[in-house]
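> coordinates for the following, if possible.
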Amino acid sequence: MTKKIAVYPGSFDPITFGHLDIINRALKIFDEVIIAVARNERKSPMFTIEERVNLIQSVLKDNERVKVDTFDGLLVDYVRSRKAQAIVRGLRAISDFEYELQMAQINRGISRDVETVFLMTSVFYSFLSSSIVKEVHSLNGPVDGLVPPLVKKALDAKLNR
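Numbering: from 1, shown residues only. From the prediction side, this is the model:
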């Protein structure tokens, strides 16, 4: 039987409880989930790609069904290179759906053998994004319920707290 593998791409700058919710739910469908941290030169991330990978690996170290990797270039090329069958994307709002539908259609046009699976974010995390976490944290707001303690510690270190 073929192992069901999904790729969950994103910037994960930083990883949040919303991301973890999607990962845990994807693991109910797939045998393995590869978290693919995008190398995106157009963004100015708070954390280097190495820091993001290390944070994700540390947070998920006890789950052997989760792998962490980086990629650049076309997502579908990366997915095929990892012998995965699907891309997992989390949806928070209608605005997410519009963009994600366009991306899924483009990916499907490039590679008919790669499916996109949309998972609705749990209601509690429907407002959550890495950008919001960084903004709240920069204004000395509480982020304890938004990110794992290890990530909060890394955020504090970035702002010399």
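> next SSE downstream of the helix or strand of the chain with the lowest mean pLDDT?
For the chain, counting by mean pLDDT, DSSP states H and E, helix 94-110 ranks last in confidence among helices and strands (a mean of 89). Using DSSP states H and E, the next helix or strand after helix 94-110 towards the C-terminus is strand 115-120.
> I'd like to know which elements the helix or strand following that following strand is packed against.
The C-terminal neighbour of strand 115-120 among helices and strands, as given by DSSP H and E, is helix 130-138. On a contact count with 3 or more CB pairs under 8 Å, 6 or more residues apart in numbering; DSSP states H and E, helix 130-138 meets helix 149-158. Where C-beta positions appear, they are placed from N, C-alpha and C, glycine not excepted.
> quick one on the thing from earlier: buried residues in the least confident helix or strand of the chain, which are they?
96, 100, 104, 107 (16 or more other CB atoms under 10 Å).
> the inter-axis angle of that helix versus strand 115-120?
For helix 94-110 against strand 115-120, the angle by axes from the mean of the first three to the mean of the last three CA atoms, to 10 degrees is 170 degrees.
> what helices or strands is helix 94-110 leaning on?
For helix 94-110, the elements it packs on are helix 75-81, strand 86-91, strand 115-120, judged by 3+ CB pairs under 8 Å, 6+ apart.
> list the strands paired with the last one, with their directions.
Spelled out, it's strand 115-120. Looking at strand 115-120 with DSSP bridges, its partner strands are strand 86-91 (parallel).
> now do the partner strand, average pLDDT.
If you average the pLDDT over strand 86-91, you get 96.
> over to stretch 142-160?
The predicted model gives stretch 142-160 an average pLDDT of 94.
> residues in contact with that stretch: which ones?
Contact with stretch 142-160 is made by 14-17, 20, 46-47, 51, 55, 58-59, 128, 132-134, 136-138, as judged by CB atoms under 8 Å, 6 or more residues apart in numbering.
> having no further points to raise, I will conclude here.
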